[in-house]
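>>> return a 3D structure for these sequence lines:
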Amino acid sequence: MPSSQRYFLAKTDPDTYPVSQLEKDGQTVWDGVRNAQALRAIREMKAGDVVFIYHSMGEAAIVALADIVGDGRPDPKDPKLAVADFRFRKMIEPPVTLREIKESGLFADWSLVKQSRLSTMTVPDEFIGWFFARRLQA
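Numbering: from 1, shown residues only. Sure thing, here's the model as predicted:
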């Protein structure tokens, strides 16, 4: 893993674009984001980074991992917006629920917890360690 690798989280509504569709498609251009803070996160994405895919409806949870295979860049349809290319990596079983994240008490300052409407964000390093430790215990 390159030391410069970063982690992001991108939310999707499973009724609009479920992770099962990303798995079927294999790769997609992540677009449709309009919030300025979320757009900054997309512009920071580089090929080789990793993104947690989060279903925002139903049981809110991190459900999959994807690789960023195309740097964040201006959206060709609207240069004020930004897009990046995601390639499906794997489902996360069991999903990591927002409830678990909140109940851990470790991430109260993370945008996922503080800004429920923010669709795309960086992931704190502390979460990465917690996530992989949790995976080893499962």
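
>>> what sits against V50?
V50 is in contact with 5-8, 65-68, 89, counting by C-beta atoms under 8 Å, 6 or more residues apart in numbering. To be clear about C-beta, it is placed using only N, CA and C from the backbone, and glycine gets the same treatment.

>>> state the pLDDT value of it.
As predicted, V50 sits at a pLDDT of 98.

>>> so the residue nearest to A82 when sequence neighbours are not counted is in which element?
Excluding the flanking residues, the one nearest A82 by C-beta to C-beta, 6 or more residues apart in numbering is I42, at 4.2 Å. Taking DSSP states H and E as the criterion, I42 maps to helix 36-44.

>>> give me the helices and strands touching the lengthiest strand in the chain, please.
Among all segments of the chain classified by DSSP state E, the strand with the greatest residue count is strand 78-97. Judged by 3 or more C-beta pairs under 8 Å, 6 or more residues apart in numbering; DSSP states H and E, strand 78-97 is in contact with helix 19-25, strand 27-30, helix 36-44, strand 50-55, strand 61-75.

>>> buried set for that strand?
The neighbour-count check on strand 78-97 (16 or more other C-beta atoms under 10 Å) flags 81-88, 92, 95-96 as buried.

>>> dump the contacts of V50 into a markdown table; add distance to A133 as well.
Shown next, in a markdown table, are these (distance: C-beta to C-beta, whole Å):
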| residue | distance to A133 |
| --- | --- |
| Q5 | 18 |
| R6 | 19 |
| Y7 | 15 |
| F8 | 20 |
| L65 | 16 |
| A66 | 21 |
| D67 | 22 |
| I68 | 23 |
| R89 | 19 |
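
>>> mind picking the lowest-pLDDT entry from these?
When the contacts of V50 are compared by pLDDT, Q5 scores lowest at 94.

>>> quick one on the thing from earlier: can you lay out the helices and strands packed on strand 78-97 as CSV showing distance to S116?
CSV is the format used below for the helices and strands packed on strand 78-97 (distance: least, C-beta to C-beta, whole Å):
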stretch, distance to S116
helix 19-25, 19
strand 27-30, 20
helix 36-44, 13
strand 50-55, 11
strand 61-75, 14
